[in-house]
Structures are given as C-alpha cells and as structure tokens.
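Undergrad: how would this look folded up:
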Amino acid sequence: MKEKRGIILTGAVVGIISIMLVKFGNPVNMGYCIACFLRDIAGGLGLHRAGVVQYIRPEIIGLVLGAFIMSFASKEYKARGGSSPFLRFVLGFIVMIGALMFLGCPLRMILRMAGGDLNALIGLVGFAAGIGIGILFLNRGFSLKRTYNQSSFEGFVFPAVMVGLLVLLLAKPAFILFSQEGPGSKFAPWALALAAGLIVGAMAQKTRLCMVGGIRDLILFKDTYLISGFVSIFVFALIGNLLVTKTFNLGMADQPIAHMDALWNFLGMALAGWGCVLLGGCPLRQLILAGEGNIDSVITVLGMIAGAAFAHNFSLASSAKGPTPNGQVAVIIGFIILLAISFFSSEKAAVKMKGDVKLEA
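TA: Predicted structure coming up:
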C-alpha cells in the first residue's frame with residue numbers, strides 16, 4: 001500500500017482541483033477534460049469555427065509545463081522520438097473522434113460518473129472493451145517500434161509553444177477566438193487554471209497517472225497501482241459534487257454536455273480505448289510525456305488537435321442532442337483503420353509479410 005500513496009494522493013488532488021475549477025467557472029462535470037480542452041484550443045486558434053467551443057485553456061498549458069519542470073528538476077527529462085510518427089498522428093486523430101462522440105476523455109468520463117452521469121458508466125464499459133481489444137494485439141506483438149534520442153532543443157519546443165499560447169491568451173490579439181456562449185465561454189480565472197495545470201502536471205509526471213494504463217495493467221498483470229489513482233479521483237470528485245458544487249445528479253437524463261445514446265457512448269469510448277492502448281497512454285498521459293521531451297507524444301497531441309478541428313468542421317462531434325450521422329460513420333471508419341494498424345503493426349503479421357517477400361524473391 002505504501003507505494004500507492006503517491007498516486008492515491010495525486011488522484012485526490014486531481015479530483016479536488018477539478019471540483020474547484022467548476023466552482024470557479026469551468027463547465028459542470030468538466031473541471032478537467034483533456035479532449036474538450038484541446039478542442040477548445042483548436043477553436044481558439046481558428047482551426048474550427050464552432051463558436052461555442054473556442055478558448056485557449058490554461059489547464060493544458062499548465063499540465064505540459066508542470067510535467068516539463070518536474071521532469072527537468074528530477075533529471076528525468078529526455079528528448080526522444082522517431083517511433084512511427086505518422087501512425088501516432090493518425091491514432092491521436094482517431095482517439096479524438098471517439099472521445100468527441102462520447103463527449104469527453106477518460107478523465108472526464110470519471111468526472112461525469114462522479115457527477116452521477118450514468119451515461120459515463122456505459123462509456124467506461126466501452127472504454128474497457130476497447131482496451132481489451134488493444135491488449136489482444138499487444139499479445140500478438142503489436143509495436144510502434146523503438147524511439148531514438150533527439151536533441152534537447154527539439155524537446156524544448158513544445159513547452160515553448162505552450163508559453164506562446166499563454167501569451168496569446170493574455171494578449172488577446174484579434175485572430176484568437178473566444179466563445180461568447182456555450183462551454184467555451186465558461187472558464188475559471190486564468191491564473192487559477194494555470195496553477196491547477198502546473199500542480200496536476202507535476203504530480204501526474206511523478207506518479208505516471210494514466211487511465212488506460214490502469215485498466216491495461218489490471219487486465220494483464222492484476223496490478224492496481226495506476227487504477228487506484230482514478231478510483232481516488234472518482235471518490236474525491238464525488239464528495240466535491242455532493243458537498244461543494246452540489247451538482248450531483250444521478251441518472252442519464254439532463255446531464256451537462258452529454259447525450260443518452262448508449263450505443264454510441266459505448267462505441268465512442270471503445271474506439272478511444274483501443275487507440276489509446278496502442279499509443280501506450282491516455283490523452284492525459286500523452287501530454288505529460290510531451291512535457292517530458294517525448295516528441296512522439298507531441299505528434300500524438302497534434303493528431304488529437306487535428307482530429308478535434310476536423311470533427312467540428314465536418315459535424316462529427318456529438319452534442320447534447322446526440323451523435324450526428326457523420327460522426328457515426330467516422331467512428332465506424334475509425335474502427336476499420338485501427339484494425340488495419342493493429343494487424344499490420346503486429347510482430348506476427350510483420351514476420352508473415354517478410355516471409356511472403358522472400359518467397360516472391
């Protein structure tokens with residue numbers, strides 16, 4: 001139990017911070033959502049024109065900078081990359097499509113459950129199912145190949161971009177967009193949000209907090225270390241919803257920024273779970289790794305931002321009214337692409353293809 005204290009404490013802090021962010025302005029059940037906040041940043045930069053979700057979220061900036069500072073201070077920072085970068089971009093893109101079908105990342109899924117949203121419970125089942133499918137391919141030898149050392153300067157670029165985003169948020173030049181209504185118009189004061197991100201980023205870097213890793217390790221190794229962090233998030237966010245924000249609402253109907261289509265909640269998170277396990281971490285973990293100097297995770301995050309922009313430009317993202325026909329088609333296509341990537345990047349498939357080439361020669 002001793003080795004779990006750190007990640008349980010991290011989960012408690014994340015749960016409390018998520019509630020406080022809601023208390024001071026963030027949307028209900030969205031104190032901290034990686035997918036939603038990356039989508040908002042894409043909108044703020046003008047990459048999509050959905051006026052209700054446009055804002056440069058300081059929580060994301062703080063998350064990356066917190067991980068960067070902590071990893072640098074503890075001498076864990078290391079610039080590395082070169083592991084199937086384009087496949088990672090595509091996987092990040094697909095994960096975002098699944099998340100926006102469900103309307104939330106794995107972290108928001110837990111926060112929605114802590115708010116009483118039973119639609120998120122269906123999402124959790126789908127998420128676990130997707131991870132289970134991904135594990136089947138891990139057991140077949142799936143790999144995105146090795147990484148290589150990069151120059152320290154290259155690793156510094158992404159944190160520098162985050163600093164640039166903070167400058168844009170505060171300077172408010174005309175080309176940066178800000179929602180006047182909807183979820184994008186609801187936010188905590190920037191300094192509080194930035195501080196929250198710094199704290200979460202630093203603590204998550206030290207404890208390797210990751211929802212995908214938690215379920216994966218529980219299935220493969222019966223290891224409860226990582227999953228205990230998310231149990232802690234749930235418990236403390238639940239207490240906060242009951243006692244602080246008093247927004248707890250048990251049921252499926254009338255949940256904030258959520259829909260009740262069980263099938264597509266399940267499939268959206270199944271797609272996200274499958275994609276995340278192939279990537280080796282959830283969206284939160286990808287941002288933490290990006291802050292540590294992992295260029296492959298930077299590419300993944302860029303894929304997520306591109307996926308968010310594409311989803312809103314082409315009506316793929318769900319709304320409180322439910323999923324769109326375009327979004328349903330996109331999720332199905334996403335499953336087909338993941339199947340192809342999973343199969344052809346597995347060791348057994350690679351060995352077979354090499355054998356076929358030798359026979360032809």
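
Undergrad: what about L124, neighbour count?
TA: L124 has 20 neighbours, counted by other Cβ atoms under 10 Å. Bear in mind the C-beta positions are built from the backbone N, C-alpha and C, glycine included.

Undergrad: Need the nearest residue in space to it, chain neighbours excluded.
TA: M109 (6.0 Å; Cβ to Cβ, 6 or more residues apart in numbering).

Undergrad: in which helix or strand would I find the one you found?
TA: Assessed by DSSP states H and E, M109 sits inside helix 106-114.

Undergrad: Which of the residues in that helix are classified as buried?
TA: Residues of helix 106-114 classed as buried: 106-114 (neighbour count, 16 or more other Cβ atoms under 10 Å).

Undergrad: by contact count, what packs against that helix?
TA: With contacts taken as 3 or more Cβ pairs under 8 Å, 6 or more residues apart in numbering; DSSP states H and E, helix 106-114 sits against helix 5-23, helix 34-44, helix 119-139, helix 211-221, helix 225-243, helix 262-279, helix 283-291.

Undergrad: now the angle between helix 283-291 and that helix, please.
TA: Angle, helix 106-114 to helix 283-291, by axes from the mean of the first three to the mean of the last three Cα atoms, to 10 degrees: 150 degrees.

Undergrad: okay if I get the helices and strands packed on helix 106-114 as a markdown table plus mean pLDDT and distance to G62?
TA: Below are those laid out as a markdown table (pLDDT from 0 to 100; distance: least, Cβ to Cβ, whole Å):
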| stretch | mean pLDDT | distance to G62 |
| --- | --- | --- |
| helix 5-23 | 97 | 10 |
| helix 34-44 | 98 | 11 |
| helix 119-139 | 98 | 25 |
| helix 211-221 | 95 | 19 |
| helix 225-243 | 97 | 17 |
| helix 262-279 | 98 | 22 |
| helix 283-291 | 98 | 10 |
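
Undergrad: Nearest to W190, out of the ones you listed?
TA: Between W190 and those, the tightest spacing by Cβ to Cβ is seen for helix 5-23, at 11.6 Å.

Undergrad: Quick one: work out the angle between the closest one and helix 225-243.
TA: 30 degrees.

Undergrad: residues in contact with G126?
TA: Each residue near G126 by Cβ atoms under 8 Å, 6 or more residues apart in numbering is listed here: 102, 265-270, 273.

Undergrad: Y32 and I233, how far apart?
TA: As judged by Cβ to Cβ, to the nearest Å, Y32 and I233 stand 9 Å apart.

Undergrad: okay, the helices and strands packed on helix 106-114 in JSON lines with distance to S319 next?
TA: Supplementary listing: the helices and strands packed on helix 106-114 in JSON lines, determined by distance: least, Cβ to Cβ, whole Å:
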{"stretch": "helix 5-23", "distance to S319": "20"}
{"stretch": "helix 34-44", "distance to S319": "12"}
{"stretch": "helix 119-139", "distance to S319": "13"}
{"stretch": "helix 211-221", "distance to S319": "24"}
{"stretch": "helix 225-243", "distance to S319": "23"}
{"stretch": "helix 262-279", "distance to S319": "12"}
{"stretch": "helix 283-291", "distance to S319": "20"}
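
Undergrad: Nearest to A191, out of those helices?
TA: Among the helices and strands packed on helix 106-114, helix 5-23 sits nearest to A191 (Cβ to Cβ), with 12.2 Å.

Undergrad: shared neighbours, Y32 and I233?
TA: Counting by Cβ under 8 Å, 6+ apart, the shared contacts of Y32 and I233 are 14, 18, 107, 111.

Undergrad: quick one on the thing from earlier: looking at the contacts of G126, state which has the most neighbours.
TA: F102 (33 neighbours).

Undergrad: show me the contacts for that residue.
TA: Counting by Cβ under 8 Å, 6+ apart, F102 has contacts 109, 123, 126, 264-265, 268-269, 272, 318.

Undergrad: Closest to F137 out of the contacts of G126?
TA: G273 (12.6 Å).

Undergrad: For the closest one, which non-adjacent residue is closest in space?
TA: Going by Cβ to Cβ, 6+ apart, G273 has G130 as its nearest residue, at 2.8 Å.

Undergrad: Show the contacting residues for that neighbour.
TA: Per Cβ under 8 Å, 6+ apart, neighbours of G130: 98, 269-277.

Undergrad: from these, which would you call buried?
TA: Buried among these (16+ other Cβ under 10 Å): 98, 269-277.

Undergrad: Go through those and name the one nearest M211.
TA: Taking the buried ones among the contacts of G130 together and measuring to M211 by Cβ to Cβ, the closest member is C276, at 8.1 Å.

Undergrad: Let me know whether the closest one touches L107 as I believe.
TA: No. If you go by Cβ atoms under 8 Å, C276 and L107 don't touch, sitting 11.7 Å apart.

Undergrad: hey, what's in contact with both of the two?
TA: If you check C276 and L107 against Cβ under 8 Å, 6+ apart, the residues they both contact are 282-283.

Undergrad: dump the residue contacts of I341.
TA: 87, 90-91, 278 are the contacts of I341 under Cβ under 8 Å, 6+ apart.

Undergrad: ok, it to F89 distance?
TA: According to Cβ to Cβ, I341 and F89 sit 12 Å apart.

Undergrad: Now L21: closest residue in space, sequence neighbours ignored.
TA: G31 (4.1 Å).

Undergrad: Now do the SS call for that neighbour.
TA: coil (DSSP: H, G, I helix; E, B strand; the rest coil).
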